[in-house]
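Enquirer: Dropping the sequence and predicted coords here.
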Amino acid sequence: MFPFIVAYALSTGVSYAAGHYLPVTAASPYIPLLASYHILLLCLIANAALTGEQKLGLSMSLPMAIITHLAFVGGMIGMVLGREHVPLFGLLQYVVPGLVPFELKWVFEGRKPGHSAAQSSPMPSATEDDYQEFLRYLRQDGRKFQRAGRSVNEEFALWRAARDKRRHAAV
């Protein structure tokens, strides 16, 4: 938390200086906000790289990361443009740097391990009669071999073993 406060103070100071001491141009309303945001973003990336708190790397492809960052920047520019029509947007410029940790986590978190598909056991070989009998068993309420997390293949194997055991006992 402390590095964020120091970086926020640094970026706010640079933003103030840029807004007051640069010559007035068409880009003057945008420079303080964009400078503050990007300085804070760079400071937090450097902090994450130095401390190792967060594994750095792009969590998406490079073109997608660029588009995502441009979307953040576009949102900030939209807030600056909207200040003429919505008076409270002038206050939002102080909240915008709060988006930096979100973007840092979202774009620079690094690739997450993919989900692996559950491995299913192959269906035991069965005859048409076995299949039809098992379908009748599946239609029953309160099936004996049904448990949470148990696949139908496992249930079939248990049902078949119990049925074969009953048949051998009857002979």
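Expert: Everything's here; your move. As the structure is a computational prediction, the values presented were derived from the model and not from experiment.
Enquirer: what comes up buried for the helix or strand harbouring Arg167?
Expert: Arg167 is located in helix 152-170, with elements delineated by DSSP states H and E. Of all the residues in helix 152-170, those buried under the rule 16 or more other C-beta atoms under 10 Å are 155-157, 159-160. Every residue, glycine included, has its C-beta placed from N, CA and C.
Enquirer: What is the lowest-mean-pLDDT helix or strand in the chain packed up against?
Expert: For the chain, the helix or strand with the lowest mean confidence is helix 89-92, at a mean of 70 (criterion: mean pLDDT, DSSP states H and E). Contacts defined by 3 or more C-beta pairs under 8 Å, 6 or more residues apart in numbering; DSSP states H and E place helix 89-92 against helix 62-82.
Enquirer: Ala126 belongs to a strand?
Expert: No - judged by DSSP: H, G, I helix; E, B strand; the rest coil, Ala126 forms no part of a strand; its state is coil.
Enquirer: From Met64, how far off is the residue nearest the centre of the chain?
Expert: With distances taken as C-alpha atoms, centre = their mean, Trp106 lies nearest the centre of the chain, 6.7 Å away. Using C-beta to C-beta, to the nearest Å, Trp106 is found at 11 Å from Met64.
Enquirer: what residues go with each domain of this structure?
Expert: Domain ranges of the chain: 2-107, 128-170, per automatic domain parsing.
Enquirer: and among the ones you listed, the most buried is which?
Expert: Mean neighbours per residue, mean count of other C-beta atoms under 10 Å, is largest over these for domain 2-107, with a mean of 14.
Enquirer: end-to-end on it?
Expert: End-to-end distance for domain 2-107: 22 Å, by C-alpha to C-alpha, to the nearest Å.
Enquirer: mind listing what the nearest residue to Glu103 once chain neighbours are set aside touches?
Expert: Among residues not flanking Glu103 along the chain, Phe72 sits closest, at 5.5 Å (C-beta to C-beta, 6 or more residues apart in numbering). With contact set as C-beta atoms under 8 Å, 6 or more residues apart in numbering, Phe72 has these partners: 37, 99, 103.
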